[in-house]
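Trainee: Here is the input, now give the coordinates:
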Amino acid sequence: MAATPGCIRPAQHLRSMQAVLAAGGSALMFLQLEAIEEVARMESTWSARLRKKIHHAERYLDRGRRSLRRGLGLTKPALIQPYLGFGTADRLWFRGRVIEDRNEVAHLNSQSLLTNLRYTYKRYATREIPGAKIGWRIGSQSGELITDDEGYFDLTIAPGADFDESGPWQNVDLTLLDAGQADAPPLEARCRIRTPRPDAQFGVISDIDDTIVKTGAFNFMKHWRTVVSHSAAGRQVLPGTSALYSALAAGAAGPETNPVVYVSSSPWNLADLFERFMALNDIPLGPMLLKDFGLDETKWFTGGHSGHKGKMIDRVMKTWPALNFILIGDSGQRDAHIYADAIETHPGRVMAVFIRDVAHVNEDQIARLKTVAGRHSIPVAVTDDLSAASEICAQNGWIGGQEKEEVEAEIEAMDNHPEAWLHRHADS
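Mentor: Numbering: from 1, shown residues only. Here you go, the predicted model:
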């Protein structure tokens, strides 16, 4: 039967009502999303304003404390802390800090818990020197730097003809020219910058906490007990680290043929301690890309774990585009997730991923890593030591058979006599 002009059948009416309700529901959802986004914007704006005010108040208090210490004659001599940088023949990056020297860097080891606690407090509660003037020189080039509010200086330069092709490290000499009103005797230091040799076959990017040194970073209380209670000599190296990392770093040009870079969410306050720990345990030195610890106008304290590591891995791979990398981390935090992202972001650049399974946690992240790596035919080892990693490296020709045996021997020795390994540097 033909419909009467101007009339709507029941079925048509139902469909029209559904359309109206759907449109209304979509509109309501849109308004809800708008409201949520507006609240988020308000919270973000409020948080940023509060952070900025607290940061400015902190700077004001710091200036007041420095002025008071100067008036009372309590200032200490200045100290330049150079960090290990990295770069290429085209660009060299280096970083460092100027602080008052309260012996927290020179402090080596103590069997006293209270002594280590005192020096750890000094390490975190640094007396930075803002506005210090640093002169730098590499070959025929020179210039000046001014430290920021936290005492840091940071520079990227083009070495040009001053680039030394003979060695894996470039040297930038530093001189403290002016420390303001701080006590500043004639002071010099040297920044070492890692540059790959022409015959480097690959690179290694490694985490630090619970990857080369036992810290319990996945457990807040265990981690902080380690951080505040131990010096570099009192920290425990994890089994197989020295032998495997040394084997991977070695090549045709010697023990530092292939570069090793350490990417960690630990603060820069620990850079010298990590460097000494590596030297004590025969672990190859390399640039350390750590995090700023503290409050500034852009972040609360240290910021996110994944974002920092992911950005630093991207930075290393972009700086050294001719090298592919072995990634080494642990299961305690988010290394598996970060390394899976790296595989997807840099296809063809990741050779293998080794994860130290420290607590059988984050299994969903491990599963994703294996899935992503499998699609790219990348070997993955998730074990509580580095024996499986050494097996994969030997199979692929990245280390030799004898070096694999040395890794296994080191693991066995540390497993059988853990106390001997922990205390062998007690008197260092």
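Trainee: Now the residue positioned nearest the centre of the chain: phi and psi?
Mentor: Of all residues in the chain, the one closest to the mean position by CA atoms, centre = their mean is S264, 2.5 Å from it. Dihedral pair for S264: phi -150, psi 150, per degrees, to the nearest 10.
Trainee: thinking it is in contact with L273, fair?
Mentor: No - in this structure, S264 is not within contact of L273 by CB atoms under 8 Å, at 11.9 Å. No exception for glycine: its C-beta is placed from N, CA and C like everyone else's.
Trainee: Any stretches of the stretch 1-150 of the chain with poor pLDDT?
Mentor: Counting by pLDDT under 70, the stretch 1-150 of the chain has low-confidence residues at 1-75, 106-111.
Trainee: 80 - rerun?
Mentor: Within the stretch 1-150 of the chain, the segments meeting pLDDT under 80 span 1-76, 102-123, 125.
Trainee: could you point out which element follows the host helix or strand of G329?
Mentor: Here G329 sits within strand 325-330, counting by DSSP states H and E. With elements assigned by DSSP H and E, the helix or strand that comes after strand 325-330 is helix 335-345.
Trainee: centre of the chain versus that next one, how much separation?
Mentor: 15 Å (CA atoms, centre = their mean, to the nearest Å).
Trainee: contacts for the helix or strand just after it?
Mentor: Next in sequence after helix 335-345, counting helices and strands by DSSP H and E, comes strand 350-356. Applying CB atoms under 8 Å, 6 or more residues apart in numbering, the contact partners of strand 350-356 are 202, 210-211, 238, 324-331, 335-336, 339, 342-343, 366, 369, 373, 376, 378-386, 388-389, 392-393, 396, 398.
Trainee: same question, stretch 127-137
Mentor: The contact list for stretch 127-137, computed with CB under 8 Å, 6+ apart, reads 66, 69, 76, 78, 80, 96-100, 102, 142-153, 155, 172-180, 182, 184, 191.
Trainee: next one: stretch 258-266
Mentor: Here stretch 258-266 makes contact (CB under 8 Å, 6+ apart) with 86, 168, 194, 196, 200-209, 212, 245, 248-251, 274, 284-291, 302, 305, 308-309, 312-313, 316, 320, 323, 333.
Trainee: Repeat the analysis, applying 7 Å as the threshold.
Mentor: Residues from elsewhere that reach stretch 258-266 (CB atoms under 7 Å, 6 or more residues apart in numbering): 86, 194, 196, 200-209, 245, 248-249, 251, 284, 286-291, 302, 305, 308-309, 312-313, 316.
Trainee: what does stretch 361-379 give?
Mentor: 218, 331-332, 334, 336-337, 339-340, 343-344, 347, 350, 352-353, 355, 380, 382, 392.
Trainee: which of the residues you listed are buried?
Mentor: 218, 331-332, 334, 336-337, 339-340, 343, 350, 352-353, 355, 380, 382, 392 (16 or more other CB atoms under 10 Å).
Trainee: and of those residues, the nearest to E256?
Mentor: A352 (20.6 Å; CB to CB).
Trainee: Could you report the separation of that closest one from V380?
Mentor: A352 sits 7 Å away from V380, going by CB to CB, to the nearest Å.
Trainee: same check, this time on I392
Mentor: From I392 across to V380, the span is 9 Å (CB to CB).
Trainee: and the contacts of strand 350-356, which are buried?
Mentor: 202, 210-211, 238, 324-331, 335-336, 339, 342-343, 366, 369, 373, 378-382, 385-386, 389, 392-393, 398.
Trainee: Buried ones in the helix or strand containing L273, by neighbour count?
Mentor: In this assignment (DSSP H and E), L273 forms part of helix 271-280. For helix 271-280, a neighbour-count test (16+ other CB under 10 Å) marks 271-278, 280 as buried.
Trainee: need these in TSV with pLDDT and distance to M414, can you?
Mentor: Formatted as TSV, those follow (pLDDT from 0 to 100; distance: CB to CB, whole Å):
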residue	pLDDT	distance to M414
A271	92	25
D272	90	25
L273	88	21
F274	92	20
E275	93	22
R276	91	20
F277	91	15
M278	94	17
L280	90	15
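Trainee: got a markdown table for these, with distance to G135 too?
Mentor: Formatted as a markdown table, those follow (distance: CB to CB, whole Å):
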| residue | distance to G135 |
| --- | --- |
| A271 | 22 |
| D272 | 22 |
| L273 | 27 |
| F274 | 27 |
| E275 | 23 |
| R276 | 26 |
| F277 | 30 |
| M278 | 29 |
| L280 | 32 |
